[in-house]
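Trainee: Fold the following.
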Amino acid sequence: METSKIWRNETFSGVELLSASYTTFEFSKHWHDELAIGIIEEGAEGLFYRGSNLVIPKHHIVAINPAEVHTGFSGGSDGWRYRMFYFNLEELAHQFANHGMPINPIVERPMIYDEALFDELLRLHISLEQSAFELSKESFYILALEKLFTRYGSAREDKVYSVCTKSSYLARDFIRDNFDSNPSLSELEIVSGCSKFQLIRSFKAVFGITPHQYLLLIKVKQAKALLAQGSSCVDASLACGFYDQSHFTRNFKKAFGISPSNYRAR
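Mentor: You can find the predicted model right below:
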């Protein structure tokens, strides 16, 4: 069955998202004004790009720069399932300049095999489709795109970043004291006096985890304590600021290996 869904997430202006599965469908020749970055989840996509036919297999990344004419078609008998990002160049460059990392958002190769980057892009795309905290979405966005451009684009990993220890502790304390109100990376930037990009790097260097991972751990630990005291799963999730039960259950089980309902019934 062929399906497609296109949407925008309010967290990031200038980013359009596509999730699709095609078997016999073929794109005609076209181009995008945006930078198009895709991840092939199943099957393989065929691509006519820069005068050659390419086959982008499962777990590979496809990158098409703005104004490059191309097509898209099935690279095998089973078609392909994939997710795409379409990034507005001006907004992308502006966002990363504000994070202390000026870039020229161009990617040098159309097909990339990088398991870690694939996983980060997939995690980002899913977070912009399903329930996720603003801090998580912002962190996934910065981490995935920083890795994309420093490894395969016009930004290089030749800049030495100092560790902002004091800023990291200020951010940690703010998250701990305000975990139920779901602080954003923008709030942490103000509280810590450190740019978003620098803060993520520093926080992980100091504490071994990123700010969004720390937020989730604080939330599920507090929820666990509430469940142990007799709170219902619904009350515990609401008290800890989770968006819905599935979001709560998913993150609780990742941390403790058991669902909240099973933990409460132990």
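Trainee: From here on, just use CA atoms for contacts and neighbour counts.
Mentor: Fine.
Trainee: Would you mind listing the buried residues in the worst-scoring helix or strand of the chain on mean pLDDT?
Mentor: Least confident helix or strand of the chain, by mean pLDDT, DSSP states H and E, is helix 89-98 with a mean of 75. The neighbour-count check on helix 89-98 (16 or more other Cα atoms under 10 Å) flags 89, 92-93, 95-96 as buried.
Trainee: Export those to JSON lines and append columns for distance to Phe149.
Mentor: Formatted as JSON lines, the buried residues of helix 89-98 follow (distance: Cα to Cα, whole Å):
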{"residue": "Leu89", "distance to Phe149": "13"}
{"residue": "Leu92", "distance to Phe149": "11"}
{"residue": "Ala93", "distance to Phe149": "11"}
{"residue": "Gln95", "distance to Phe149": "14"}
{"residue": "Phe96", "distance to Phe149": "11"}
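Trainee: Out of the residues you listed, which two sit at the greatest distance?
Mentor: Across these, the longest distance by Cα to Cα is 10.8 Å; it joins Leu89 and Phe96.
Trainee: Can you tell me the closest non-neighbouring residue to Gln222?
Mentor: In this structure, Gln222 finds its nearest non-sequential neighbour in Cys240, 7.1 Å apart by Cα to Cα, 6 or more residues apart in numbering.
Trainee: Can you give the distance from the top strand by length along the chain to the centre of its chain?
Mentor: Among the segments of the chain that qualify as a strand by DSSP state E, the longest is strand 35-49. In terms of Cα atoms, centre = their mean, to the nearest Å, the centre of strand 35-49 is set 18 Å apart from its chain centre.
Trainee: which residues are contacting the following helix or strand past it?
Mentor: Per DSSP states H and E, the first helix or strand lying C-terminal to strand 35-49 is strand 52-57. Here strand 52-57 makes contact (Cα atoms under 8 Å, 6 or more residues apart in numbering) with 40, 42-48, 62, 75, 111.
Trainee: Residue ranges in this protein under the pLDDT threshold?
Mentor: 97-104, 154-161 (pLDDT under 70).
Trainee: Next, please give the residue ranges for the strands of it.
Mentor: Under DSSP E, the chain gives strands at 3-8, 15-22, 27-30, 35-49, 52-57, 61-64, 70-74, 80-87, 111-112.
Trainee: re the thing from before, what packs against the longest strand of the chain?
Mentor: strand 52-57, strand 61-64, strand 70-74, strand 80-87, helix 115-127 (3 or more Cα pairs under 8 Å, 6 or more residues apart in numbering; DSSP states H and E).
Trainee: Name every strand pairing with the first one and say which way it goes.
Mentor: The reference is to strand 52-57. Strand pairing for strand 52-57, using DSSP bridges, gives strand 35-49 (antiparallel).
Trainee: Which residues does the partner strand contact?
Mentor: So strand 35-49 is contacted by 53-66, 68-76, 78-89, 105-106, 118, 121-122 (Cα under 8 Å, 6+ apart).
Trainee: Now, of these, which are buried?
Mentor: The neighbour-count test (16+ other Cα under 10 Å) marks 54-66, 69-70, 72-75, 79-89, 105-106, 118, 121-122 as buried among the contacts of strand 35-49.
Trainee: Using the record's domain definitions, break this protein down for me.
Mentor: Per automatic domain parsing, the domain ranges recorded for the chain read 3-152, 165-208, 220-264.
Trainee: I figured Trp80 was touching Phe25, is that so?
Mentor: No - Trp80 lies out of contact with Phe25 (Cα atoms under 8 Å); the separation is 10.0 Å.
Trainee: Identify the contacts common to these two.
Mentor: By Cα under 8 Å, 6+ apart, the residues touching both Trp80 and Phe25 are Ser74.
Trainee: Look up phi and psi at Phe242.
Mentor: Here is the backbone geometry of Phe242 (degrees, to the nearest 10): phi -80, psi 150.
Trainee: which non-adjacent residue is nearest it?
Mentor: Nearest non-adjacent residue to Phe242, counting by Cα to Cα, 6+ apart: Phe248, 5.8 Å away.
Trainee: can you tell me which residues contact that neighbour?
Mentor: Contacts of Phe248 (Cα under 8 Å, 6+ apart): 220, 237, 242.
Trainee: I'd assumed Arg250 was in contact with the second one.
Mentor: Translated: Ser237. No - Ser237 is not in contact with Arg250 according to Cα under 8 Å; the separation is 11.5 Å.
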